[in-house]
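In: Attaching a predicted model along with its sequence, questions to come.
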Amino acid sequence: MVVVGGGLLGVCCAYWLARRGKSVLLLEREYIAAGATGRNAGFVLPTTARSYPDAVATHGVDVARSLRRLAIDGARLLADIVADEAIAGAHRDRGSVHLALTDDQALKSRQEVALSQADGFDESWLDRRELADLIPTPLGRRIVGGRAVPGALTNSVAVVDGIGTAARRLGVTIRTGVRVGSVRATGSGVVIDTSGGPVHATAAVIATNAWLGELVPRLSGVVRALQGQVIATRPMPEVFRFGMTAPLTATGEYWHQTPDGTIILGGCRAVTTAPSDPAAQVPQPAVHEALQTVLPRLFPEIGPTPAVRGWAGAMAVTSDELPVVDEVDESVWAVGGFNGHGMSYGPIIASLLADWICTATRAPALAPLALDRFPAEERAR
């Protein structure tokens with residue numbers, strides 16, 4: 001069978017299908033991790049994209065719990081793959097702290113902690129004093145406290161390269177620089193039209209995330225591209241021992257420090273209009289400049305944080321902030337739209353999708369991610 005897309009989802013799908021005995025060809029039009037996977041900040045967040053109270057209000061408590069557990073299982077599974085496949089230097093078991101900058105944000109964060117704890121999820125609230133004990137630089141006046149959650153930090157390129165290497169050992173063929181024009185069910189299999197000619201397969205998985213609409217037109221209004229942007233600073237003495245986020249702008253900011261002291265920091269999308277073509281992954285100068293002001297605004301004694309490099313990536317988002325996983329034609333599956341949480345959801349959804357393909361049985365955890373949850377007009381745009 002064929003997997004289209006060489007990001008985390010595509011590579012994990014190929015890996016799990018091969019482990020289940022399938023012969024797999026993976027096609028990628030550029031290079032492995034060319035999209036959001038290789039351009040994110042490396043957070044593995046075992047939470048829903050929306051706040052947990054919002055997820056409960058939107059989807060109901062049973063579905064929200066299931067989605068939260070799916071993210072937790074995915075984060076654990078990613079750690080297991082990294083360990084099992086000996087992917088060196090790619091994964092650190094560090095949690096994250098989500099800062100509150102106003103009393104209202106603090107109240108909502110404490111409410112989220114209380115609801116999460118009541119449903120059995122590991123979270124805690126840190127007041128300003130407790131945060132000050134964990135961060136070896138004075139806190140700015142705006143910081144009220146923070147919500148601490150488990151999680152991990154990764155070198156996402158190293159992770160996907162490592163899983164790709166493991167997939168090759170399992171017999172997966174990976175071809176890069178191959179453009180796919182269409183994927184068509186024939187009744188007896190699937191034909192994938194590529195820049196190198198047609199490829200015939202028993203089944204196909206389209207895992208192109210922000211580019212799903214190109215191959216599945218009815219997904220063009222469901223899964224949309226949104227550009228994220230990130231900078232890397234020069235190496236600095238250790239200040240941040242865990243990942244952090246802060247709502248300085250409407251779209252939020254996030255950062256962590258790598259083992260060599262580099263700070264990877266993203267966000268600030270709200271400071272300018274969205275690019276006309278987010279899938280082009282071209283950094284915007286206004287965002288680049290704004291990102292360099294984030295840490296000095298929150299931690300006044302940290303000093304300037306000039307970027308030594310910056311990049312942009314095409315995130316895939318949906319209106320309800322949940323991914324899409326479904327069979328969109330006979331023997332053709334599509335998966336994408338992870339709303340910034342692909343590093344946690346990706347490995348487990350890829351595994352469950354491989355099970356679905358191999359057994360013709362969809363796991364109950366995937367039911368809330370079906371395409372038919374969207375109105376017909378949204379699917380037809």
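Out: Nice, I can see it. Numbering: from 1, shown residues only.

In: Flag every buried residue along stretch 59-76.
Out: Using 16 or more other CB atoms under 10 Å as the test for burial, stretch 59-76 gives 59, 63-76. Using the backbone N, CA and C atoms, a C-beta is placed for each residue, glycine as well.

In: Just the ones of those residues in helices?
Out: Per DSSP state H, helices hold the following members of those: 59, 63-76.

In: which of those residues sit farthest apart?
Out: Maximum pairwise distance among those (CB to CB): 22.2 Å, between His59 and Arg76.

In: Low-confidence bits of the stretch 1-150 of the chain, can you list those?
Out: Along the stretch 1-150 of the chain, segments meeting pLDDT under 70 are nowhere present.

In: can you pull out the helices in the stretch 251-381 of the chain?
Out: Ranges of helices in the stretch 251-381 of the chain, per DSSP state H, counting those that start in this stretch, are 285-291, 294-298, 342-359, 376-379.

In: same question but for the stretch 101-250 of the chain, I mixed them up
Out: Counting by DSSP H, counting those that start in this stretch, residue ranges of the helices within the stretch 101-250 of the chain are 103-118, 128-134, 156-169, 212-215.

In: Show me what the first one is packed up against.
Out: Think helix 103-118. helix 52-59, strand 96-100, strand 124-127, strand 145-149 (3 or more CB pairs under 8 Å, 6 or more residues apart in numbering; DSSP states H and E).

In: just checking, what packs against the third one?
Out: To tie it back to what came earlier, the one meant is strand 124-127. Taking 3+ CB pairs under 8 Å, 6+ apart as the contact cut, strand 124-127 packs with helix 103-118, strand 145-149.

In: And for the longest one?
Out: Using 3+ CB pairs under 8 Å, 6+ apart as the contact test, the elements touching helix 52-59 are helix 61-84, helix 103-118.

In: do the second one as well
Out: Strand 96-100 is packed against helix 103-118, helix 128-134, strand 145-149, strand 243-246, with contacts defined by 3+ CB pairs under 8 Å, 6+ apart.

In: Please repeat the previous calculation with a cut-off of 10 Å.
Out: The helices and strands touching strand 96-100, judged by 3 or more CB pairs under 10 Å, 6 or more residues apart in numbering; DSSP states H and E, are helix 103-118, strand 124-127, helix 128-134, strand 145-149, strand 243-246, strand 253-257.

In: Neighbouring strands - and their directions - for the fifth one?
Out: Going back to what we said before, that points to strand 243-246. Here the strand partners of strand 243-246, with direction, are listed using DSSP bridges: strand 96-100 (parallel), strand 253-257 (antiparallel).

In: any chance of the ones you listed in TSV, with distance to Arg241 and mean neighbour count too?
Out: Written out in TSV, the entries for the strands paired with strand 243-246 read as follows (distance: least, CB to CB, whole Å; neighbours: other CB atoms under 10 Å):
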stretch	distance to Arg241	mean neighbour count
strand 96-100	10	24
strand 253-257	8	23
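
In: of those strands, which approaches Ile349 most closely?
Out: Relative to Ile349, the nearest member of the strands paired with strand 243-246 by CB to CB is strand 96-100, separated by 21.0 Å.
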